[in-house]
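> Quick one: sequence plus predicted model below, questions after.
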Amino acid sequence: MKFRLALALTCLAAITRLLPHPDNFTPIGAMALFGAAYFSHQARMLVVPFLALFVSDLVLNNVIYSQYYTGFTFITSWWIYLAFALVMLTGWALLSQKVTPARLLFASLTASLLFFIVTNFSTWLGSGMYPRTPAGLTACFAAGLPFLRNTVLGDLFFSGVMFGAYEWMMKRQLAGKAASL
């Protein structure tokens with residue numbers, strides 16, 4: 001039951017990436033944190049959230065945003081996957097032993113900041129939009145600040161929904177078992 005529920009919630013979160021949403025208001029951080037917290041087997045912890053991210057990226061890149069790419073696109077940025085992995089490590093460090101509201105809040109905010117730092121650094125490093133100087137890096141991070149707000153809101157919202165739904169369903173199942181005894 002636990003694995004199926006965690007798998008279903010992760011897949012549902014990935015599907016929400018395909019729905020219209022404000023820029024950066026996505027479940028990416030929440031999926032990584034949730035996978036680290038609730039997939040007890042290490043292989044599942046890594047595979048399920050990464051696979052959900054990858055499959056939803058395939059649909060986004062090759063169906064919804066196909067006009068921006070020439071040919072079939074597997075991965076648009078390895079930096080996003082690096083940020084995702086760092087968020088999973090954060091979730092594993094902060095949430096794998098015990099999930100509390102305070103830990104989840106801290107992990108969600110940390111996830112947002114990690115994603116912001118890694119993806120903006122990658123933009124500065126590889127896009128050519130900013131000079132590769134400290135001033136260029138500062139300008140890149142400043143330009144990304146409006147997106148940070150939605151990243152934080154998305155991580156908090158989707159973490160609350162995913163973790164809250166999981167805990168509610170698990171308590172509901174335990175209550176059902178206790179009532180049947």
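On my side now, so go ahead.
> so where's this structure shaky on pLDDT?
42, 45, 181 (pLDDT under 70).
> The protein: helices as residue ranges?
2-16, 28-38, 42-59, 78-95, 101-126, 134-180 (DSSP state H).
> Which among those is found nearest to F72?
Nearest to F72 among the helices of the chain is helix 42-59 (8.7 Å), distances taken as CB to CB. Just so you know, the C-beta spots here come from the backbone N, C-alpha and C atoms, and that holds for glycine as well.
> which helices and strands does that closest one pack with?
Helix 42-59 makes packing contacts with helix 2-16, helix 28-38, helix 78-95 when contacts are defined by 3 or more CB pairs under 8 Å, 6 or more residues apart in numbering; DSSP states H and E.
> tell me the angle it makes with helix 2-16.
20 degrees (axes from the mean of the first three to the mean of the last three CA atoms, to 10 degrees).
> buried ones in helix 42-59?
45-46, 48-50, 52-53, 56-57 (16 or more other CB atoms under 10 Å).
> Distance to L125 for those - can I get that in a markdown table?
What follows is those, written out as a markdown table (distance: CB to CB, whole Å):
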| residue | distance to L125 |
| --- | --- |
| M45 | 29 |
| L46 | 26 |
| V48 | 30 |
| P49 | 25 |
| F50 | 23 |
| A52 | 27 |
| L53 | 22 |
| S56 | 25 |
| D57 | 21 |
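> That'll do, ta.
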